[in-house]
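Colleague: take this sequence and fold it.
(one chain, ligands or ions: 1)
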Amino acid sequence: MTRMESAAALPRDPMARIARSRHEFGEHGGVNLSIETSATFTVLEAGKMPEMFEGRDGPRGGCFLYGRHFNPTVMVLARHLAALEAMPSAYCTASGMAAISGVLLNACNSGEHIVAGQALYGGTWALLHDFLPRKAAIETSFVDLADLDAVRRAFRAKTRVLYCETMSNPTLQVADLPALAAIAHEHDAQLIVDNTFAPVIVTPALHGADVVVHSLTKFINGASDIVAGCVCAQGSTIDGLYDLHLGSLMLLGPAMDPRAAYEVATRMPSLGMRMREHSTRALAYAQCLEALRAKVMYPGLRSHPDHARFRELCNEGYGAGGLLTLDLGTAARAFRFMEHLQNVEDFGYMAVSLGFSDTLMSASASSTSSELDAAALEAAGISPGLVRLSVGYTGALEDRIAQLERGYHAALAA
Ligand code: PLP
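Modeller: Next comes the predicted model:
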């Protein structure tokens, strides 16, 4: 949990906001922050403890109680993340799914309703489609977010949330955030945006989002060695997440480890540079595949149906992100493409996840979108031959382009 300056006073550039939020030293004046490993914290006077339990004192007054609630190192990372997303407050979690499930469980009570995009990360889709209705009687209507009338029609009296991804996983549809925010607000609902694919590149809060969630496991940490997440929002939303009686994160308990918070915090200053390089490479790969007349999707290409919208939403100077998709039509071709690129060319790895220094490739329909049933896969436009590439920045670009071309030809041969 952390508080930021008012949005109007903040620099427009996300990395400048992060730089402004970094004002802590290590315990002995070190240039890196210290890791506070303690799970519990002592007090000098016995009366302080009841004061903290009653909410009359707490981390804002420098008083800590217990690590599932607040930890000073985790709070430093939360401050950087709030700055990244131009939100007043943020809270860190043990995974991206913990952030998503926590924020949805606090936004909706049993019997209430969510409207969500039909193309979403498979875990989120399963949470909305299977878990929340069964376990909490919270129903979701899935819609094509490009059809704003359909979005409006999906609202019910009990709709509390409109949920989307800035760029959908894996189809890279770019959400019309201002229009979606307007529809949500007309219905007294919140727009909750998963910005995992586009940190630094798009700042959803500047386009009307009420809550922004991230899987920090991906670009923000960037090393594929930590699973973590966060929620960025107004202070009152964040306060609700750690309420002693009804706070989903407080009571379900997916707290971030302070050692993980330290690692992620030390990698945040390079996030802008990394995103720029991911984007430069992804654009070059997308242009190469387009020149080969491949079915490639990348928001930075003029041929992308949402290219103009992306240009309106994006922050200048960071490109269009590190993800692209290539639809090879059949699973067999998709597998040949990935096997050739990994096992013959050393181009990248067949692995799920994204945001790593090396390129990661997966066939979404049979991996990270396999939770979607056949009808949902078709509606979302995820064919068995669709390969998602999370473009890394290792190796010489010219060599990588040559490898990619050979991989494409190998996929089509036979
Ligand atoms: N959101 C998106 C867009 C994702 O791609 C993922 C994971 O792939 C998640 C959320 C879940 O994040 P985590 O694995 O950190 O729980």
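
Colleague: what's the single longest helix in the protein?
Modeller: Ranked by number of residues, the top helix in the chain under DSSP state H is helix 271-291.

Colleague: what score does His23 have for pLDDT?
Modeller: His23 carries a pLDDT value of 79.

Colleague: returning to what we had before: name the helices or strands packed onto the longest helix of the chain?
Modeller: Packing partners of helix 271-291 (3 or more C-beta pairs under 8 Å, 6 or more residues apart in numbering; DSSP states H and E): helix 14-21, strand 296-297, strand 323-327, helix 397-412. Yep, even glycine has a C-beta here, placed from its N, CA and C like the rest.

Colleague: sec struct for Ala294, please.
Modeller: Following DSSP: H, G, I helix; E, B strand; the rest coil, the label given to Ala294 is coil.

Colleague: contact partners for it?
Modeller: By C-beta atoms under 8 Å, 6 or more residues apart in numbering, the contact list for Ala294 reads 326, 328, 408.

Colleague: neighbour-wise, give me the winner out of the residues you listed.
Modeller: Greatest neighbour count in these, by other C-beta atoms under 10 Å, goes to Leu326: 26 neighbours.

Colleague: which residues sit in contact with His69?
Modeller: By C-beta under 8 Å, 6+ apart, the contact list for His69 reads 242, 250.

Colleague: and the host helix or strand of Ala260, how far from the chain's centre?
Modeller: Element membership for Ala260 (DSSP states H and E) is helix 258-267. Helix 258-267 sits 17 Å away from the centroid of its parent chain (C-alpha atoms, centre = their mean, to the nearest Å).

Colleague: same question for stretch 389-401.
Modeller: Centroid displacement of stretch 389-401 relative to its chain, using C-alpha atoms, centre = their mean, is 23 Å.

Colleague: mind listing what's buried in that stretch?
Modeller: Residues of stretch 389-401 classed as buried by neighbour count (16 or more other C-beta atoms under 10 Å): 389-393, 400-401.

Colleague: narrow these to those in helices?
Modeller: Cross-referencing the buried residues of stretch 389-401 against helices under DSSP H gives 400-401.

Colleague: may I ask which two of the buried residues of stretch 389-401 are separated the most?
Modeller: Taking C-beta to C-beta, the two most distant members of these are Ser390 and Ile401; they sit 16.9 Å apart.

Colleague: what's the residue lying closest to Tyr242 once chain neighbours are set aside sitting at in phi/psi?
Modeller: Leaving aside its chain neighbours, Tyr242 sits nearest to Met250 (4.2 Å; criterion: C-beta to C-beta, 6 or more residues apart in numbering). According to degrees, to the nearest 10, the main-chain angles of Met250 amount to phi -60, psi -40.

Colleague: show residues contacting the longest helix of the chain.
Modeller: Helix 271-291 is contacted from outside by 14-15, 18, 84, 199-201, 219-220, 222, 296, 298, 300-301, 303, 317-324, 326, 355, 389, 391-393, 397, 400-401, 404-405, 408, using C-beta under 8 Å, 6+ apart.

Colleague: longest strand in this structure, please.
Modeller: strand 159-165 (DSSP state E).

Colleague: partner strands of that strand and their direction?
Modeller: Counting by DSSP bridges, the strands paired with strand 159-165 are strand 113-117 (parallel), strand 190-194 (parallel).

Colleague: for the ligand, state which of the buried residues of stretch 389-401 is nearest.
Modeller: Lowest distance from the ligand to the buried residues of stretch 389-401 (C-beta to the nearest ligand atom) belongs to Ser390, with 9.6 Å.
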